[in-house]
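In: structure of the sequence below:
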Amino acid sequence: VIEISDYRAQLFEYLKNRMMAVAPNLTVLVGELVGARLIAHAGSLLNLAKHPSSTVQILGAEKALFRAMKTKHDTPKYGLIYHASLVGQTSAKLKGKVSRMLAAKAALAIRVDALGEDTQATLGLEQRADLERKFAILEQNATKRISGTGKMQAKFEKYQKNTEQGQFNQDQASTLPHKRHSDFGGRGGANKRFKSGNMNKSFVV
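Out: Residues are numbered from 1 along each chain as shown. Prediction:
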């Protein structure tokens, strides 16, 4: 058992060193094991670089994809990339969105590793930091939606704003005197006709 454990540790160390030499940016993003599985599933690093991010996202879940297309059900949201550490750290509701964002960054990292000459993982480190920042924002927004505090706070602020604007001041209120019908010549006075002397002309006031 001890020999098997030591041999496993040696294999993992060899895989880590080999992946950092072949695909450093991909290794930083998804890890040594997931990166090696993606390359093995595609056949080579160059073949993996030809795939778009949508294919990288569901790579390894082809059976579930074809089954869903045949039965007209929802297609899978992730494949081998599900085992990446960035996806495992998020909540269950965000795993699909996180997998899509990680696959988009991983597709760029794969092309840089396959076609670029830089052996450093500069791009991978920058992308991982950017993804971690975005994932933290997504987690905060999801927590606010679940708790409802953000919605209640918005309602309270809107209510406070309306009450401050809609206060009635009794001292500044002014009333107009009620005008009687007699002031306008009685009811319908505007349509009365008057005759002047013996003239047959009628005037409308």
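In: CA atoms for contacts and neighbours, from now on please.
Out: Will do.
In: check which helices and strands the particular helix or strand that has residue 54 in it sits against.
Out: Using DSSP states H and E, residue 54 sits in helix 53-58. Contacts defined by 3 or more Cα pairs under 8 Å, 6 or more residues apart in numbering; DSSP states H and E place helix 53-58 against helix 95-115.
In: thinking again about what came up before, what's the mean pLDDT across the helix holding residue 54?
Out: Computed over helix 53-58, the mean pLDDT rounds to 94.
In: repeat for stretch 31-38
Out: Here the average pLDDT along stretch 31-38 is 94.
In: what's that stretch in contact with?
Out: 15-16, 19-20, 26-27, 48, 56, 59, 80-81, 83-85 (Cα atoms under 8 Å, 6 or more residues apart in numbering).
In: highest neighbour count among those?
Out: Using other Cα atoms under 10 Å as the neighbour test, the contacts of stretch 31-38 are led by residue 26, with 29 neighbours.
In: please name every helix or strand in contact with the host helix or strand of that one.
Out: For residue 26, the enclosing helix or strand under DSSP H and E is helix 24-30. Contact partners of helix 24-30 among helices and strands, from 3+ Cα pairs under 8 Å, 6+ apart: helix 95-115, helix 122-147.
In: among those, show me which one is buried the most.
Out: Each of the helices and strands packed on helix 24-30 was scored by mean neighbour count; the highest is helix 95-115, a mean of 21, by mean count of other Cα atoms under 10 Å.
In: quick check: angle from that helix to helix 122-147?
Out: Orientation check (axes from the mean of the first three to the mean of the last three Cα atoms, to 10 degrees): helix 95-115 against helix 122-147 gives 180 degrees.
In: elements contacting helix 95-115?
Out: Using 3+ Cα pairs under 8 Å, 6+ apart, helix 95-115 sits against helix 24-30, helix 45-49, helix 53-58, helix 85-88, helix 122-147.
In: just put those helices in CSV and tack on distance to residue 71.
Out: As requested, the helices and strands packed on helix 95-115 are arranged in CSV below (distance: least, Cα to Cα, whole Å):
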stretch, distance to residue 71
helix 24-30, 31
helix 45-49, 28
helix 53-58, 18
helix 85-88, 27
helix 122-147, 31
